[in-house]
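Asks: Need the 3D shape of this:
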Amino acid sequence: QVQLVESGGGWVQAGGSLRLSCVVSGLSDYDMSWFRQAPGKERVFVAAITWNDPVVGVLYADSVKGRFTISRDGAKNTIYLQMNSLAPEDTAVYYCAAASPRRYGSRNENHYAYWGQGTQVTVSS
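Replies: Got it, this is the predicted structure:
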C-alpha cells in the first residue's frame, strides 16, 4: 500500500523557519515534489527532487528559491522541505507528491501519481 505522510507544519511568525517531512512507503524510484495550496487558490508547485539519481537533482519555484531547500534521506524513505525566511504569503497546506514516470519537476499536478494528505503551514505577520 502506497502512503505519503507529511508532518512538521504549524504556526510561525514571519521570518521564522519550519521543516516539513514526508515519509514514503510502498514506493521506490519515484521523483518527488512539494506543492502548496493557499486558501481560495489553486495548488501550485514548490520544489522537486530526484529520488534515485546518484547526483541529486532539485528544482524550485521562483517564489521560494533561496529560502526553501528540498532534500531526501533514502535510508529513511523521507523527503524534507526546509523553509526559511517565511512570509505570510507562504501560508498554505503543503503536500508531497510522487511524480509519474518521466515527470520529474512537472508543475502539472495531473503528472503526479500519489499524494499525501497535506500539512498546514500558517505564517503570521
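Asks: Who are the contact partners of the most centrally placed residue in the chain?
Replies: Taking Cα atoms, centre = their mean, the centroid of the chain lies closest to Trp34, which sits 2.1 Å from it. By Cβ atoms under 8 Å, 6 or more residues apart in numbering, Trp34 lies in contact with 20, 22, 45-48, 70, 79, 81, 94-97. Backbone N, C-alpha and C define where each C-beta goes, glycine included.
Asks: what's the closest non-adjacent residue to it?
Replies: Closest residue in space to Trp34, ignoring its immediate chain neighbours: Val46 at 4.3 Å, by Cβ to Cβ, 6 or more residues apart in numbering.
Asks: From Val121, how far off is that neighbour?
Replies: According to Cβ to Cβ, to the nearest Å, Val46 stands 11 Å off from Val121.
Asks: Identify each buried residue in stretch 102-122, please.
Replies: Using 16 or more other Cβ atoms under 10 Å as the test for burial, stretch 102-122 gives 103-106, 109, 111-112, 114-116, 118-119, 121.
Asks: Hmm, I typed the wrong one, I wanted stretch 47-63.
Replies: For stretch 47-63, the neighbour count (16+ other Cβ under 10 Å) marks Ala47, Ala48, Ile49, Thr50, Trp51, Leu59, Tyr60, Ala61 as buried.
Asks: try stretch 82-90
Replies: Met83, Leu86, Asp90.
Asks: Tell me the bridge partners for the residue nearest to the last one when sequence neighbours are not counted.
Replies: Read that as Asp90. Once flanking residues are discounted, Asp90 sits nearest to Val123: 5.1 Å by Cβ to Cβ, 6+ apart. Beta-bridge partners recorded for Val123 (DSSP bridges): Val12.
Asks: and Val123, what pLDDT?
Replies: pLDDT, Val123: 98.
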